[in-house]
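following is a predicted model, sequence given first.
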Amino acid sequence: MGRVYRARDPILDRPVALKTVSPALLSGQDTLTRFQREARAAAKLQHPNIVTIFDIGEQDGTHFIAMELVEGIELGEAMVPPDRFPLEQKVRMIVDLCSGLDFAHKMGFVHRDVKPANIRVTPDGVVKILDFGIARHGDSNLTQTGMVLGTPSYLSPELLQGAKVDHRADMWAVGVILYEVLSGRRPFESKTIASLIHKIIHEPLPPLDAETLHLPDALVAVATRALEKDPARRFSDLGAMARALVVAIGATPAPDVPLDPLIRKRGYERNFAEARRLLTEDDLSGALDAARRAQTLEPTRTGIVALIKAIEARLGSEATVQRPPRAPVSPDAPTSPTRRVPSGAPPPTPSSGVPAVAGPLDSAALRARGASALRDLGAFGEPPPTKQVALSPVADVLAVAGTDGAIRLWDLRTRTRTRVLRTELHQRSGHDSAALALAFSPDGSLLGSGHVDGSVHLWDMSRGEALPTKLRHDGPASAVAFSPDGATLATGSLDSNLRLWDVGAAVGGEARRILLRQPSGVTALAWVGGGEWILSGHANRILRLIDPLRSRLVATLRGPETLVSHLVLSPDGRHLAVASRDPTVRLYDLNSLMEVGVLSGLRRPAAALCFLADGAFLATVCMDNAVQLWDLDTRAPAAALWGPSDETFVGVALYGEWNHLAVAIADGRIRTWGPG
């Protein structure tokens, strides 16, 4: 995060704490603006158990936060030795922690980084929570795809799996701290991050022995409930957990007083006013954030509902090309033949209602007709939410990795699910570590998947089973890519290792690989030069061109301002599109190894991208309900394809005779477009 200094406010003559912010967290103007906005919002949290933020500022390029100086020690230090405080006083510290967090939750904030290092205990025994606004801003523990970068000891299972996160993720962290306070150890411990993540997500909670630890049964019950894997089975809020803790130690809880109506009203009005101000300044994403905070406080107020609709309408009209009227949606699937039909497979049968159209999307037609060159063919599919997708190179089959750890195969022509790929653990328990990356072999016979727990699976597509050979990393396996000849599988991880696996050996049961250590976590991979080189994208924003035969670095490419998230090769292999966590896509010429263009009109960082058939257009999706089609000659959007406002697009692929687009929706469904 940065360093903390003791300082003095020269105007008010008072001691303060100055916390500098790491430049890596604030790369890009959008990130800086969001940090400043949320730090100011967090400064409005006035509670005896929350450290007060006085000011934010910048000096000689270093950004800082001025906050209340809290004398004392971290909560972790306060618990050593275990008998430093009596049990009742330790529990009351947790009650204070619950009280501060519950207040913040009711004001529309979720901390997301609750841990002993962010909690201080004053000499008088008062608990103070640090870093509100910073943890919320940061996705500092997660990348865009949910990959863990720090210790996950206090992160909830749903957060580690990339699912929806709310105030109950903070409750899980409080439960871990309570368990640690009561037993002297964390509930889940391991020597490696990958193993720890696996335990948090899949293994049952080690029970607390009330008799051995001399604890009231009711206290053990509170800790157990707070650490339920299913958020719905935890307490409704931290206020309820605090009351249960007080009762567990034999005390009388304070009356359940709801949030003061005046405080709620003021919080609503502040956020509502901020949303309107940001809307007038054209900061649409910031306005939507503030409006949703206001709606958390007063969900039924018609004014905030109308404002959110207005902001969403503005977001939908921000494209360079105006949104066209939607074409009638046909219930039938696209019927164009596949690019390469595997031998023995039946030829595709046309569906009634949608005429078969041969040939790739015509660039001239796209430039002339815009979005009307394609028509919406509707959506299909099923939960769970989608993490990653990959299209088979030989058939119109889309592999969709869900948050439950399974991979579902969808036939895009018939709109039917053909198979579910499940590990042995998933078959036994119904869940496993979620996939962060997917890649098909060039002949479509194998699918590689990299997972949060560091495991890498090779799936035999003819049998729908994972090969028994165990491939893995010590950290989350964040990138996978087959060489053009299919002989090598490259996998990258946040453990800063690039591994080249012999596919033939893996099929034969042997995990044979070459290890190439990297200077930073590997977040994206692509084979270039016909398989002569591997291009790797990294958490430190660098692109590295590597000769795999000689295990040497050929070149380093720069340009992205934040972590590299996607590397996509053009159809002719001459150009590369690079997406990162800033809202830009950069284009590189692979012959000269030079950056040749930047697409800078994205509203958010790209969640996925793909080239159209002739490489003249690029399709991007950015975690909203639009597909932008970029003309690479002009570096500008030529068309926008829209889904309903409640959809969030997380993946995109070109299929059929290179004339249909499939978009993965976050809820697990798929929406498709075909020739208009």
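All right, it came through fine.

could you pull out the helices for the stretch 201-350 of the chain?
Secondary structure of the stretch 201-350 of the chain (DSSP state H, counting those that start in this stretch): helices located at 210-213, 217-226, 238-248, 261-280, 284-297, 302-316.

what's the helix or strand hosting Trp501 packed up against?
Trp501 is part of strand 497-502 when elements are defined by DSSP states H and E. Other helices and strands packing on strand 497-502, by 3 or more C-beta pairs under 8 Å, 6 or more residues apart in numbering; DSSP states H and E, are strand 488-493, strand 513-517, strand 522-528, strand 533-538. Heads up, the C-betas are built off the backbone N, CA and C, glycines and all.

I'd like the average pLDDT over the longest one.
It refers to strand 522-528. Averaged over strand 522-528, pLDDT sits at 95.

just the angle between that strand and strand 533-538, please?
For strand 522-528 against strand 533-538, the angle by axes from the mean of the first three to the mean of the last three C-alpha atoms, to 10 degrees is 160 degrees.

tilt between strand 522-528 and strand 497-502?
Going by the same axes, to 10 degrees, strand 522-528 makes 40 degrees with strand 497-502.

one more: the shortest one?
Going by the same axes, to 10 degrees, strand 513-517 is angled at 160 degrees with respect to strand 497-502.

just the buried residues of strand 513-517, please?
With burial defined by 16 or more other C-beta atoms under 10 Å, the residues of strand 513-517 counted as buried are Arg513, Leu516.

which elements pack onto that strand?
strand 497-502.

could you give the angle of the strand it packs on to strand 488-493?
Strand 497-502 runs at 160 degrees relative to strand 488-493, counting by the same axes, to 10 degrees.

just the CA trace of strand 497-502, in PDB.
Backbone C-alpha positions of strand 497-502 (Å, rounded to 0.1, in the frame of the first residue of the first chain) are rendered in PDB as follows:
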ATOM      1  CA  ASN A 497       6.800 -18.700 -13.200                       C
ATOM      2  CA  LEU A 498       6.200 -19.600 -16.800                       C
ATOM      3  CA  ARG A 499       6.000 -23.400 -17.400                       C
ATOM      4  CA  LEU A 500       6.200 -25.200 -20.700                       C
ATOM      5  CA  TRP A 501       4.500 -28.600 -20.500                       C
ATOM      6  CA  ASP A 502       5.200 -31.500 -22.900                       C
END
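
tell me the helix or strand right after it.
helix 503-507.

packing partners for that next one?
strand 455-460, strand 488-493.

swap the cut-off to 10 Å and go again
For helix 503-507, the packing partners by 3 or more C-beta pairs under 10 Å, 6 or more residues apart in numbering; DSSP states H and E come out as strand 446-451, strand 455-460, strand 488-493.

in JSON lines: those strands, plus mean neighbour count and mean pLDDT.
Below are these laid out as JSON lines (neighbours: other C-beta atoms under 10 Å; pLDDT from 0 to 100):
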{"stretch": "strand 446-451", "mean neighbour count": "27", "mean pLDDT": "96"}
{"stretch": "strand 455-460", "mean neighbour count": "22", "mean pLDDT": "95"}
{"stretch": "strand 488-493", "mean neighbour count": "26", "mean pLDDT": "95"}
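
centre of the chain to the strand holding Trp501, how far?
25 Å (C-alpha atoms, centre = their mean, to the nearest Å).

returning to what we had before: and of the helices and strands packed on strand 497-502, who's closest to Ala619?
strand 522-528 (17.2 Å; C-beta to C-beta).

what angle sits between the closest one and strand 446-451?
Using the same axes, to 10 degrees: strand 522-528 against strand 446-451 is 160 degrees.

so what sits opposite the closest residue to Ser551 other than its chain neighbours in the bridge?
Closest residue in space to Ser551, ignoring its immediate chain neighbours: Leu516 at 5.8 Å, by C-beta to C-beta, 6 or more residues apart in numbering. Listed by DSSP bridges, the beta-bridge partners for Leu516 are Leu498.

mean confidence (pLDDT) on the strand holding Trp501, please.
94.

tilt between that strand and strand 455-460?
30 degrees.

and the next helix or strand past the helix-or-strand element of the chain with minimal mean pLDDT?
Least confident helix or strand of the chain, by mean pLDDT, DSSP states H and E, is helix 134-138 with a mean of 42. Downstream of helix 134-138, the next assigned helix or strand under DSSP H and E is helix 157-160.

mind listing the helices in the stretch 1-150 of the chain by residue range?
Counting by DSSP H, counting those that start in this stretch, one finds helices in the stretch 1-150 of the chain at the ranges 29-42, 75-78, 87-106, 134-138.

mean pLDDT lowest where, among these?
Looking at those, the bottom one is helix 134-138 with a mean of 42.

so Ala244 makes contact with Pro216?
No - applying C-beta atoms under 10 Å, one finds Ala244 not in contact with Pro216, separated by 11.4 Å.

which pLDDT value goes with the residue lying closest to Arg186 once chain neighbours are set aside?
Spatially, and ignoring its direct neighbours in sequence, Arg186 is nearest to Glu180 (5.3 Å; C-beta to C-beta, 6+ apart). For Glu180, the model assigns a pLDDT of 93.

ok so Glu180 is a strand residue?
No - applying DSSP: H, G, I helix; E, B strand; the rest coil, one finds Glu180 to be helix, outside a strand.

check contacts around it.
Shown in contact with Glu180 (C-beta atoms under 10 Å, 6 or more residues apart in numbering): Leu75, Gly76, Met79, Pro116, Ser153, Tyr154, Arg186, Pro187, Ala223.
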